[in-house]
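# Turn this into a model:
(chains A, B and C)
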Amino acid sequence: MIEMIIFYPTAAIVILFSLMVVLHKSPIRSALFLLGTLFFMAFIFALLSAHFVAVIQILVYAGGIIVLILFAIMLLNLQKEDSEYDHISLGKVISLGLGGFLFLIISIVFFKMYPGHSSELPANFGTIEEVGRLMVTDYVFAFEAISLLIIASLVGGVVLVRGLINSKSKLKKLK
Amino acid sequence: MITTTHYLVLAAIIFAIGCFGVLTRRNLLVMLMSVELMLNSANLTFVAFAKSLGDTSGHIFPIFIMTVAACEVAVGLAIIITIFRMSKISDVLGLTFMKDIKSG
Amino acid sequence: MDNVIWIIPLLPLVGFLINGLVGRRLPDRLVAIIGVSLPVASFFIAVWSFLELLKLGDEGVLTSTLYTWIVSGDFVVNLTFRFDQLSAVMALVVSGVGSAIHLYSAGYMHDDKSFSRYFSYLNLFLFSMLVLVLAEDLVLLFLGWEGVGLCSYLLIGFWFDDMENAKAGKKAFIVNRIGDLGFFVGMALIVITIGTLNVPEMKNLLEANPGLLTAGMATAITLFLFVGATGKSAQIPLYIWLPDAMAGPTPVSALIHAATMVTAGVYMIARLGFLYVLSPTTMIIVALIGSLTALYAATIGMAQNDIKKVLAYSTISQLGYMFMAVGVGAFASGIFHLMTHAFFKALLFLGAGSVIHAMSGEQDIRNMGGLRKKMPITFWTFLVATLTISGIPPLAGFFSKDEILWKAFSTHLGSIGILFWAIGLLSAVITAFYMFRLFFVAFTGESRASEDVKKHIHESPFSMTSVLILLGIFSVIGGFIGVPELLGGSNHFEHFLAPIFPHLGSRFDAHSAHTWEIILLALSLVAAASGIFLAYLMYVKKTDIPKVFVKKYNALYQLVYDKYRIDELYGAIFIRPFFVLGVIFSSIVDSWIIDGIVRIVTMATAKLGRLFMSFQGGDVRVYGRVLLGGLLLILIIVVFGRV
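Residues are numbered from 1 along each chain as shown, chains lettered A, B, ... in the order given. Have a look, this model is predicted:
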């Protein structure tokens, strides 16, 4: 019962906020609504007894990614897209249709494979200890691969921006 | 009674919304945010199934996905900033220089 | 490949490749040395092969198979060169006269801007001609046949800057193609009936099984082949290209359009003599066409003023004699005349070339005259050649021409031979007349050239005059290899060629033949002498006779002068309808039907492209939508496919 009381409002907020992310003209607002969406998504994770995931969600997304995006928006000084919602284009209708259809199909799949609720959960389900144990035992290879990916993206980000500076100076030299 | 299906349908709704955003928005950053939404909906299904099956392995994947998302955002933002600095464009309609040299 | 005869055609080919590929960058002197020395070397190999052949005796033959060209079931074409008595004569004449003319050309063409191109064509011609005469197989012969046609085209249009020359080349090529079609049909019929195109094999098969060819089929085959021969050898009705072919350089006229290529038809008929004798109808047609051509061309020759045109018509006329000879079954006499004609006609053309060279390109004999003092060597050699063609003993032309007339008279075909003989004799009178007309007008009397030209008249360089002298010697002595038994000779030539040709009897017995031969001989002499006398009378003694004659019979003169307006007739009958057809096709079929189809196809393509272009607008979102649409389709199949 408590689950229901928490779930429905949270789900409604998540859906509303994610709609705002997609539909709002201003990128800054979009980013802030995304922050909200992710925050309330963490609630739902918590409802599903995934406490660690919920915490990570807030830490990584809200604390890291959204800040990064906001920083980028401010750096680029993006304005509102005025023309974007002035008219309803064919592309939007098609996209809406495709999105709705996608939803339908996914829903059908989910209903068909209804898994049911397990009556009792193991004692250590979703604890930090259990998650940490799995990560360094069963999934240690994926864990290492991910760490490699982080380094690669770090290097990639640096190279991209550095390469830009270099090519700019080269352009100047050429001119 | 809230069943797993409720969570899964919620995930499907958010996934479809993210998808719609990617397909309609012109701003690269907003498209990136929409992708984040889709990734999150995937996380939600993982977590919901983990609960339903009573298996903590379902929690490992969201963590990995978040890491990947972080990397993606870092590199994606770097690319967007690079493009923006080069051509003052953050709009995908302007990014057609793969099609022909003249407009790029 | 156990002998060297395959080298005979190979050498000019090498010359062609060198001069054709890198000749532009070589100095002219080197080009000339390559272009002349290789044919000469080829000639010496031909001589050597000839001596080898003599050692082998009557039935001897040298063959050299390079490789198998075509294999299709039972039908096999080998690339085989065959050096028998007939090929030997032809190869010697072709490479010998060819070498002489190459040498002459080195002097004649020395300041032409396309010197190397000229020599490469000339070498290619020699190669093709040698392939033609040495081919054992009709397919290979056809290769050479087409090759010489191509070279003829290239060399007639050698100075293609002038549209007239290019047109003349085109005309020769097209008229030859008409003939070649006949040749091709003939070959196809042979394949169908006999099954092989290898000449000796054909002969063996026919000897073993005479029922292989019905009389009608033999006539059809030989007539089709004869159509090819009329095209190549400029006989009625396909002779019209030869006078125009004089647009090419004069040595080319001498080599290709007088001495060698145009005789290919005669050679072909002689080579296939065993086929021709199977069809008396064809034989009579060949002889008739030949004799009519001889007379017809000779009459046109009387009224021409261009020195090369006169010689061209004389060539057609002489070729007519050769066809008359092969038509009445006197193959050896035809080849004999072919050989002597190659000498004296080459000499005439080269002499004319020498004159034209000296007269700064002037070709009209009315503007010549008085060349005797200025150009003595040319004068004397030209005189020798003119006497030879007129049939004055003991020069070469006398023996060969007289033999043809005798063979025509005594032919096994019956008394129709008398008709051939009469036409031939009349032609002989006219030939003597117009040749001496040419000679008197061009070389004797007062010079009628303009003062500018007169100053430049000079004897040609040694490289040219030496060739004239050489050919002059051959024109004088060339006939002695075929002196008939009547005059105390033993006719080596005919005996030498005897193994090749079928033997046809005469309609006279030995005794009466003897009497008749003497009578005909005397008549021939009278004919030649009367022709010469007439020319002397009209163009040296009383020079006003021709003018009076022209005035009195103006219409007739104009008709002959315009070559009986045959060109115009062909133009109206064949060419105009073709043009009309061409216009119809170009304006209706091409621009509406063909272009319409093309336009519809391009328009559909463009429309389709424009349609697909909208998917390729460069907008990432559109790609994303399409991607998602595809994904959904797959999902639908996966999800509902399970149901």
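
# Please make it C-alpha for all contacts and neighbour counts, starting now.
Will do.

# in stretch C:186-201, what counts as buried?
By neighbour count with 16 or more other C-alpha atoms under 10 Å in any protein chain shown, stretch C:186-201 contains the buried residues C:186, C:187, C:188, C:189, C:190, C:194, C:195, C:196, C:197, C:198, C:199, C:200.

# got the CA coordinates for that stretch in PDB?
As requested, C-alpha coordinates have been extracted for stretch C:186-201 and formatted as PDB (Å, rounded to 0.1, in the frame of the first residue of the first chain):
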ATOM      1  CA  GLY C 186      31.200 -16.900-100.300                       C
ATOM      2  CA  MET C 187      33.400 -18.100 -97.500                       C
ATOM      3  CA  ALA C 188      30.400 -18.900 -95.400                       C
ATOM      4  CA  LEU C 189      28.900 -21.000 -98.300                       C
ATOM      5  CA  ILE C 190      32.200 -22.800 -98.500                       C
ATOM      6  CA  VAL C 191      32.100 -23.700 -94.800                       C
ATOM      7  CA  ILE C 192      28.600 -24.900 -95.100                       C
ATOM      8  CA  THR C 193      29.200 -27.100 -98.200                       C
ATOM      9  CA  ILE C 194      32.900 -28.100 -98.000                       C
ATOM     10  CA  GLY C 195      33.400 -27.600 -94.300                       C
ATOM     11  CA  THR C 196      36.900 -26.200 -94.400                       C
ATOM     12  CA  LEU C 197      38.500 -23.000 -95.500                       C
ATOM     13  CA  ASN C 198      42.000 -24.400 -95.800                       C
ATOM     14  CA  VAL C 199      42.700 -24.100 -99.500                       C
ATOM     15  CA  PRO C 200      44.700 -27.300-100.100                       C
ATOM     16  CA  GLU C 201      42.300 -29.300 -97.900                       C
END
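
# sorry, back to before: out of the buried residues of stretch C:186-201, which sit inside helices?
Of those, the ones assigned to helices by DSSP state H are C:186, C:187, C:188, C:189, C:190, C:199, C:200.

# what's the spacing between the fourth one and residue C:469?
For residue C:189, the distance to residue C:469 equals 46 Å [C-alpha to C-alpha, to the nearest Å].

# contacting residues for the residue of the stretch 451-600 of chain C at minimum distance from chain B?
Here the residue of the stretch 451-600 of chain C nearest chain B is residue C:599; by C-alpha to the nearest C-alpha that distance is 27.6 Å. Contact partners of residue C:599, counting by C-alpha atoms under 8 Å, 6 or more residues apart in numbering or on different chains, are absent.

# Same check on residue C:137?
Residue C:137 makes contact with C:77, C:78, C:79, C:80, C:197, C:198, C:199 under the criterion C-alpha under 8 Å, 6+ apart.

# Turn those residues into JSON lines, columns for distance to residue B:3 and pLDDT.
What follows is the contacts of residue C:137, written out as JSON lines (distance: C-alpha to C-alpha, whole Å; pLDDT from 0 to 100):
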{"residue": "C:77", "distance to residue B:3": "89", "pLDDT": "88"}
{"residue": "C:78", "distance to residue B:3": "91", "pLDDT": "88"}
{"residue": "C:79", "distance to residue B:3": "91", "pLDDT": "88"}
{"residue": "C:80", "distance to residue B:3": "95", "pLDDT": "89"}
{"residue": "C:197", "distance to residue B:3": "94", "pLDDT": "88"}
{"residue": "C:198", "distance to residue B:3": "96", "pLDDT": "89"}
{"residue": "C:199", "distance to residue B:3": "100", "pLDDT": "89"}
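
# Relative to chain A, which of those residues is nearest.
Checking the contacts of residue C:137 one by one against chain A (C-alpha to the nearest C-alpha), the nearest turns out to be residue C:79, at 66.3 Å.

# Identify the residue nearest residue C:252 in space, chain neighbours excluded?
If you skip the residues right next to it in sequence, residue C:252 has residue C:155 as its closest partner in space, 6.9 Å away by C-alpha to C-alpha, 6 or more residues apart in numbering or on different chains.

# Please tell me how far stretch C:204-218 is from the chain's geometric centre.
The chain centroid and the centroid of stretch C:204-218 are separated by 30 Å under C-alpha atoms, centre = their mean, to the nearest Å.

# Also stretch A:26-37?
For stretch A:26-37, the distance from its own C-alpha centre to the chain's C-alpha centre is 12 Å (C-alpha atoms, centre = their mean).

# One more: stretch B:10-20?
Once both centres are worked out by C-alpha atoms, centre = their mean, stretch B:10-20 turns out to sit 10 Å from its chain's centre.

# And for stretch C:300-316?
Going by C-alpha atoms, centre = their mean, the spacing between the C-alpha centre of stretch C:300-316 and its chain's C-alpha centre is 16 Å.

# which other residues reach that stretch?
Contacts to stretch C:300-316, defined as C-alpha under 8 Å, 6+ apart, come from residues C:233-235, C:239, C:242-243, C:246, C:257-258, C:293-294, C:297-298, C:345, C:348-349, C:352, C:363-366, C:430-431, C:433-434, C:437-438, C:557, C:560-561, C:563-564.

# Please see if stretch C:607-621 touches chain A.
No - under the criterion of C-alpha under 8 Å from any C-alpha of the partner chain, stretch C:607-621 makes no contact with chain A; the nearest approach is 8.5 Å.

# for that stretch, which positions count as buried?
C:618, C:619, C:620, C:621.

# and chain C, what are its domains?
When chain C is parsed into structural domains using automatic domain parsing, the resulting residue ranges are C:1-181+C:244-260, C:330-561, C:566-642.

# want to throw those domains into JSON lines with distance to residue A:63?
Formatted as JSON lines, the domains of chain C follow (distance: least, C-alpha to C-alpha, whole Å):
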{"stretch": "domain C:1-181+C:244-260", "distance to residue A:63": "79"}
{"stretch": "domain C:330-561", "distance to residue A:63": "102"}
{"stretch": "domain C:566-642", "distance to residue A:63": "29"}
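
# Off-centre distance for the helix or strand containing residue C:284?
Taking DSSP states H and E as the criterion, residue C:284 maps to helix C:280-302. The gap between where helix C:280-302 is centred and where its chain is centred comes out at 17 Å by C-alpha atoms, centre = their mean.

# Quick one: name whatever helix or strand follows it.
Following the chain from helix C:280-302 toward its C-terminal end, the next helix or strand by DSSP H and E is helix C:307-327.

# now that next one: mean pLDDT?
Taken as a whole, helix C:307-327 carries a mean pLDDT of 91.

# Let's see that helix as CSV, backbone CA atoms only.
In CSV, the C-alpha atoms belonging to helix C:307-327 read as follows (Å, rounded to 0.1, in the frame of the first residue of the first chain):
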residue,chain,number,x,y,z
ILE,C,307,48.1,12.1,-115.5
LYS,C,308,47.3,9.9,-112.5
LYS,C,309,43.6,9.5,-113.5
VAL,C,310,44.8,8.2,-116.9
LEU,C,311,47.0,5.7,-115.2
ALA,C,312,44.2,4.8,-112.8
TYR,C,313,41.9,3.9,-115.7
SER,C,314,44.7,2.1,-117.4
THR,C,315,45.1,0.1,-114.3
ILE,C,316,41.4,-0.8,-114.2
SER,C,317,41.7,-1.7,-117.9
GLN,C,318,44.7,-3.9,-117.3
LEU,C,319,43.1,-5.6,-114.4
GLY,C,320,40.2,-6.3,-116.7
TYR,C,321,42.7,-8.2,-118.9
MET,C,322,43.8,-10.3,-115.9
PHE,C,323,40.2,-11.2,-115.1
MET,C,324,39.6,-12.1,-118.7
ALA,C,325,42.6,-14.4,-118.4
VAL,C,326,41.5,-16.1,-115.2
GLY,C,327,37.9,-16.2,-116.6
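
# Lovely, talk soon.
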